[in-house]
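Undergrad: give me a 3D structure for the following:
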Amino acid sequence: MPGTTTSVLRTVDHVVRPVTAWSVLDHEPLDPLPVEAVDPAVLVERLRVDPAAVEVLHGGAAGAAEALRGRPELLDEVRRVHAAALLPGETPLVITDVTTEPVLSWTPATLVVHYRNPHEEPVVLASVTVTWAGEPFVVEQEVRADAREGTLELRLDEEHTLPVGPAGLDVTLWRADGARAAVRHTVLVLPSNPLAMALGPAGARVTGSWSLRGDHRPESDTFVTECEITITNGDPRPVAMGRSMSWEFWDGPVGGGTRVEAGTLTWSAPITVPALGAWRGSVHFSSPRGSGVFGRYDRKEDLALAVSATAVDGRVLRAEITARTLLAYGVNIIKVGTFGAQEHADLYAAVDRMREVFEARDITLRGVDRRLITAAQAGGYTTVGSEDEYRDMLEAWSCANDYVDVFVVQDFAWAGYNGYAGDIPGPATKGGRKDGVAVEKTGYTDGSGTARLDVETLALLVGHEVGHYLGLAHQETTDNLMRSSSGVRGAAVDYEQYRLMFPHGYVVHL
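TA: Here you go, the predicted model:
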């Protein structure tokens, strides 16, 4: 039926950075010189600062402090100048750059660390923390670098090779007197095979697992799915690709489930993947109501997207990725009794931390409604002493909306409990004796005498009870959110638990 099938809304070719400097967030090469040796006009032009900010630093640290007392508005600009130029007498260890040849998958690589060390103490240790799609790892190497300026090599050996894709390299040098310098560097690992394609999420709703987002647009009643396509080339020759690609949305595993919709897309310009480089583009799919993709998203079901591309020389590339909506639920945070200012701040820090726990599994908060039952209003409900008392509180103070009621009480005087959920799962209606959860506030007094809440414990406690309300039973897997004991509880939520939560009536797609 016309207008009820998924179509390509648009395609976008992206400007591609060098594969050996892949991220715009990486540190720029740094080469600070003594401030008195640099032409002030050069610093003003390069940093776009007030000339007075450069002049302030010419007086050294003591002079700068005195000058800033009269011109405090220059502080931020003075800090920018200080990051690019050294004060008289300063001898910091500085990493001026990190370079490498293109890194190939499952192949050892060498990082060249360029440094300047005007101090008499030598550089004695180098390390790199590598973040990638798997678990981060650290490579350390003892060195003895007495030169005031030079390079060090950090080796990623056969035990520390990487698959195709981006990898963050946090490089740190230590000097014998404890001084350190650190920079962030990112590379795109190229295929050894030597041509590969990968799909990745794009757009504003990228959270949690590595999956595409079906983003509902109420104004057009469509779901828009944005997908980034990266083709990497580990060959020393460029590769020409055909402009057309085929795509398929599947319900279930690609090739093993049901193909929901399929089509082709055509890029506006020829595609050439540079030698030892990469090409990137993104495609936006639009799925109106009545289309197969819309129906799956609307039922909160997972899909898989497969994209195929063909090189001019006949090589066929294919990649797949999961596509799902970002699900959400709301919470009414109901403070019961007296909370100090710092306790209030700690409570909402715990709510933010709980949000992060669920977002790691593609469920977020659609809203947080803040409520208060004063000590005078609450009466005996400030401390929960029994199940009957707990259920009386739910019935008496239910919030008339479609959010989960979370009562944060002063204490649980109910042996063996520090939280409780109305049911597993709790109802998607209000006004009864099961519609809400309660937790104790986990209060303590810090060393300064300030009343505080244990943010991490409270975050996991609230998440645990809300998990019950959304349908999760206890699960004793290591680090799981639903472990029965707070003492061993972690922040992990697995895929099967995600599948159990999304049918709840309070869980909606964004």
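Undergrad: for the helix or strand harbouring residue 331, which strands pair with it and how are they oriented?
TA: Assigned by DSSP states H and E, residue 331 belongs to strand 327-336. According to DSSP bridges, strand 327-336 has the following sheet partners: strand 363-373 (parallel), strand 404-409 (parallel), strand 508-509 (antiparallel).
Undergrad: name the nearest residue to residue 84, ignoring sequence neighbours.
TA: Among residues not flanking residue 84 along the chain, residue 32 sits closest, at 5.7 Å (CB to CB, 6 or more residues apart in numbering). Where C-beta positions appear, they are placed from N, C-alpha and C, glycine not excepted.
Undergrad: who's in contact with the closest residue to residue 394 other than its chain neighbours?
TA: Nearest non-adjacent residue to residue 394, counting by CB to CB, 6+ apart: residue 436, 4.5 Å away. By CB atoms under 8 Å, 6 or more residues apart in numbering, the residues touching residue 436 are 394, 398, 404, 405, 406, 407, 422, 426, 469.
Undergrad: give the other helices and strands that the longest helix belonging to the chain contacts.
TA: Counting residues, the longest helix found in the chain (DSSP state H) is helix 341-359. Judged by 3 or more CB pairs under 8 Å, 6 or more residues apart in numbering; DSSP states H and E, helix 341-359 is in contact with strand 327-336, strand 363-373, strand 451-453, helix 455-469.
Undergrad: who touches it?
TA: With contacts defined as CB under 8 Å, 6+ apart, helix 341-359 is touched by 207-208, 331, 333, 335, 339, 364-365, 368, 370, 408, 441, 443, 450-456, 458-460, 462-463, 466, 481, 491, 493.
Undergrad: list the contacts for the nearest residue to residue 328 once chain neighbours are set aside?
TA: Residue nearest to residue 328 in three dimensions, not counting chain neighbours: residue 366, with 3.7 Å by CB to CB, 6+ apart. The contact partners of residue 366, by CB under 8 Å, 6+ apart, come to 328, 329, 330, 508, 510.
Undergrad: and the pLDDT at residue 366?
TA: If you check residue 366, the pLDDT there is 94.
Undergrad: could you do residue 62 as well?
TA: pLDDT at residue 62 comes out at 68.
Undergrad: try residue 336
TA: Looking at residue 336, the pLDDT reads 96.
Undergrad: do I have it right that it meets residue 409?
TA: Yes: applying CB atoms under 8 Å, one finds residue 336 in contact with residue 409, separated by 4.5 Å.
Undergrad: so where is the chain shaky, pLDDT-wise?
TA: By pLDDT under 70, the low-scoring segments of the chain are 1-3, 59-62, 204-207.
Undergrad: in TSV, list the helices and strands packed on helix 341-359 along with distance to residue 45.
TA: Formatted as TSV, the helices and strands packed on helix 341-359 follow (distance: least, CB to CB, whole Å):
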stretch	distance to residue 45
strand 327-336	48
strand 363-373	44
strand 451-453	49
helix 455-469	46
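Undergrad: pick the most buried one from these.
TA: helix 455-469 (a mean of 23; mean count of other CB atoms under 10 Å).
Undergrad: how far off centre is that one?
TA: Chain-centre distance of helix 455-469: 21 Å, with CA atoms, centre = their mean, to the nearest Å.
Undergrad: what helices or strands is that helix leaning on?
TA: Looks like helix 455-469 contacts helix 341-359, strand 404-409, strand 419-421, strand 437-440 (3+ CB pairs under 8 Å, 6+ apart).
Undergrad: tabulate the ones you listed (CSV), appending mean neighbour count.
TA: Below are these laid out as CSV (neighbours: other CB atoms under 10 Å):
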stretch, mean neighbour count
helix 341-359, 18
strand 404-409, 26
strand 419-421, 23
strand 437-440, 25
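Undergrad: now those as a markdown table including distance to residue 486?
TA: As requested, those are exported to a markdown table (distance: least, CB to CB, whole Å):
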| stretch | distance to residue 486 |
| --- | --- |
| helix 341-359 | 13 |
| strand 404-409 | 15 |
| strand 419-421 | 8 |
| strand 437-440 | 10 |
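Undergrad: which parts of this structure are helices?
TA: So, for the chain - with DSSP H - the helices run 40-47, 51-57, 60-70, 75-84, 292-298, 341-359, 375-378, 387-396, 455-469, 495-501.
Undergrad: want to throw these into JSON lines with distance to residue 121?
TA: Shown next, in JSON lines, are the helices of the chain (distance: least, CB to CB, whole Å):
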{"stretch": "helix 40-47", "distance to residue 121": "29"}
{"stretch": "helix 51-57", "distance to residue 121": "25"}
{"stretch": "helix 60-70", "distance to residue 121": "21"}
{"stretch": "helix 75-84", "distance to residue 121": "22"}
{"stretch": "helix 292-298", "distance to residue 121": "60"}
{"stretch": "helix 341-359", "distance to residue 121": "40"}
{"stretch": "helix 375-378", "distance to residue 121": "60"}
{"stretch": "helix 387-396", "distance to residue 121": "63"}
{"stretch": "helix 455-469", "distance to residue 121": "39"}
{"stretch": "helix 495-501", "distance to residue 121": "51"}
